[in-house]
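Give the three-dimensional model of this entry:
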Amino acid sequence: MKKRKILLITGLSGAGKTTILKILEDINFYTIDNIPPHLIKEFLIMILKSSDIENIAFVSDIRWKDPKRLKDEIIKIRKTFKKGDNDFKVIFLDSSVETIKIRFMKSRRSHPLQNENNSLEKAIDKEVELMTPIKEISDIIIDTTNLEPLKFREKIFEILEENKENNTKIKIISFGFKYSVPNDLDYLFDVRFLPNPYYIKELFIQTGKDKDIINYLEHFGESKDTVKSIFELILKIQKWYSSTGRVSINIGIGCTGGRHRSVYVAEKIYALLKDNNLNVSIFHRDIDR
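From the prediction side, this is the model:
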């Protein structure tokens, strides 16, 4: 049985904790930021009761100004979740003091330990001192000093043993041009050149999901050729996008009314992508018009 992943993200302010949460959210982790150390155990017990949540990632750090309590809680949680179907890990994000200083100056935000008596430099040095004991007991340490966003993403996938080639989500949208083109498409395929069942009395009221429409369209060689060509192109696009860390692709397939030809092509491509174990969904916008 596959273990549920539980990731406690901690580390230095400005080292990339918000970025890692976004990456994890994109691959269907339930994420939450800034949990008080004293509530971590109760939070996990509550969340783990839900069968709808597969993997969890949360941040707890210096903002609660209680690093000793955070260290103690990590030790307790390790004992609690050592057995069972959970894989608990602590990821510590580190970075050079100079890099963190530059990031805070660019963002124009205050460091959590910065005040009228503490300059930015002193605040960073103090955090390094306070968080070192937690760093020493962390399972994974990631230095983000020279880590570009794409490399950061790849590093996370490597740690989680995720297959990044299958992570880009593909959404297939069928629609009718007469009702306008969807605004959020990355690629659009116009299939109005295929034979139109609309003009055949017996097929008019049916949709591209019905057997009679499928049989009619597959009587023409161009229907199968169209499906094959679009499918092969989408496979290439998906591979290219996954390699660059792109999260999703919206593919539009349009015919005149959005009930027959576009639905047929969309369904066929959806099935082929599913057969290739890709993350794909389908939406027929105008099928009921």
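
May I see the buried residues of the helix or strand harbouring Lys268?
For Lys268, the element it lies in under DSSP states H and E is helix 261-275. The neighbour-count check on helix 261-275 (16 or more other CB atoms under 10 Å) flags 261-270, 272-273 as buried. C-beta: built from backbone N, CA, C; applies to glycine.

neighbouring strands for the helix or strand following it, and are they parallel or not?
Per DSSP H and E, the first helix or strand lying C-terminal to helix 261-275 is strand 280-284. Sheet partners assigned to strand 280-284 using DSSP bridges are listed as strand 169-176 (parallel).

Just say helix, strand or coil for the residue nearest to Ile237 when sequence neighbours are not counted.
Spatially, and ignoring its direct neighbours in sequence, Ile237 is nearest to Ile249 (6.3 Å; CB to CB, 6 or more residues apart in numbering). Using DSSP: H, G, I helix; E, B strand; the rest coil, the structure places Ile249 in strand.

list the contacts for Ile249?
Ile249 makes contacts with 168-171, 186-187, 234, 237-238, 241, as judged by CB atoms under 8 Å, 6 or more residues apart in numbering.

Out of those residues, the closest to Asp72 would be?
The closest of these to Asp72 turns out to be Lys169 (CB to CB; 39.1 Å).

Give me the number of neighbouring residues for that closest one.
19 (other CB atoms under 10 Å).

same check, this time on Ile124
Neighbour tally, Ile124, other CB under 10 Å: 24.

Please, which helix or strand holds it?
helix 120-137.

Contacts for that helix, please.
By CB under 8 Å, 6+ apart, helix 120-137 touches 10-13, 61-62, 67-68, 70-71, 74-75, 90, 92, 94, 97, 100-101, 104-105, 111-115, 118, 141.

how about the strands of this protein, start to end?
Assigned by DSSP state E, the chain shows strands spanning 4-11, 29-32, 55-59, 86-94, 140-143, 169-176, 187-190, 248-255, 280-284.

for this protein, what's the longest helix?
helix 221-243 (DSSP state H).

which regions of the chain sit below the pLDDT cut-off?
1, 82-83, 162-167, 244-246 (pLDDT under 70).

Against Asp212, how distant is the residue sitting furthest away from the middle of it?
In terms of distance from the mean C-alpha position of the chain, Lys201 ranks first, at 45.0 Å (CA atoms, centre = their mean). Per CB to CB, to the nearest Å, Lys201 is found 12 Å from Asp212.

Also Asp94?
Taking CB to CB as the measure, Asp94 and Asp212 are separated by 63 Å.

Those two - which one has more neighbours?
Counted by other CB under 10 Å, Asp94 and Asp212 do not tie: Asp94 has more neighbours, with 19 against 13.

so what's the closest residue to that one other than its chain neighbours up against?
Closest residue in space to Asp94, ignoring its immediate chain neighbours: Asp143 at 4.9 Å, by CB to CB, 6+ apart. The neighbours of Asp143, taking CB under 8 Å, 6+ apart as the test, are 94-96.

which one of those is nearest Pro149?
Ser95 (14.1 Å).

Is the closest one in contact with Gly16, as I believe?
Yes: shown here, Ser95 and Gly16 form a contact pair, counting by CB atoms under 8 Å, at 7.4 Å.

Now for these two: what residues contact both?
Shared contacts of Ser95 and Gly16, counting by CB under 8 Å, 6+ apart, come down to Thr144.

Any chance you could list what contacts stretch 56-75?
Counting by CB under 8 Å, 6+ apart, residues outside stretch 56-75 touching it are 4-13, 17, 20-21, 24-25, 29-38, 40-41, 43-44, 47-48, 90, 112-113, 127, 130-131, 133-134, 137.

try it again with 7 Å
With contact meaning CB atoms under 7 Å, 6 or more residues apart in numbering, stretch 56-75 is reached by 6-11, 13, 17, 21, 24, 29-38, 40-41, 47, 90, 112-113, 127, 130-131, 133-134, 137.

Stretch 273-286 too?
Under CB under 7 Å, 6+ apart, the answer for stretch 273-286 is 166-176, 179, 182, 234, 238, 257-259, 263, 266, 270.

Buried ones among those?
So, by 16+ other CB under 10 Å, the buried ones in the contacts of stretch 273-286 are 167-176, 234, 238, 257-259, 263, 266, 270.

Filter the contacts of stretch 56-75 down to the buried ones and hand me the ChimeraX line.
To isolate the buried members of the contacts of stretch 56-75 in ChimeraX, using 16+ other CB under 10 Å:
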select :6,7,8,9,10,11,13,17,21,24,29,31,35,37,40,90,112,113,127,130,131,134
